[in-house]
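[1] Coordinates only, no sequence provided:
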């Protein structure tokens, strides 16, 4: 499994154990690799993963509004750094 797949699997495994489905919000640049990792995860874990792709600014807006819940968010390093700085 790729590095991205391992991170995704660890993130989703730490989600509520009772949940059957998982939600991922991701930047579109990693779509091919992420979809491959999700397919492997779904097969291994027996869980379904819903992936939504947006631009980094759209992801920031969705996360900051706080009305939606995601089990994992995949962002470019600069965008992730901005979230860390914002707390």
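    Good, I have the coordinates. Everything quoted here is computed from the prediction, not taken from an experiment.
[2] Going by C-alpha atoms from here, please, whenever you check contacts or count neighbours.
    Will do.
[3] what about the longest helix in the protein?
    helix 31-45 (DSSP state H).
[4] hang on, isn't residue 38 packed against residue 49?
    Yes - Residue 38 is within contact range of residue 49, at 6.8 Å (criterion: C-alpha atoms under 8 Å).
[5] if you count what's nearby, which of those two comes out ahead?
    Between residue 38 and residue 49, counting by other C-alpha atoms under 10 Å, residue 38 is the more crowded of the two (21 against 18).
[6] what separates that one from residue 56, distance-wise?
    Residue 38 is 20 Å from residue 56, where distance means C-alpha to C-alpha, to the nearest Å.
[7] And the strands in the protein?
    Using DSSP state E, the strands of the chain run over 21-27, 48-54, 72-74.
[8] Throw those into JSON lines and include mean pLDDT, thanks.
    Below are the strands of the chain laid out as JSON lines (pLDDT from 0 to 100):
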{"stretch": "strand 21-27", "mean pLDDT": "92"}
{"stretch": "strand 48-54", "mean pLDDT": "94"}
{"stretch": "strand 72-74", "mean pLDDT": "90"}
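[9] how close does residue 67 sit to residue 61?
    11 Å.
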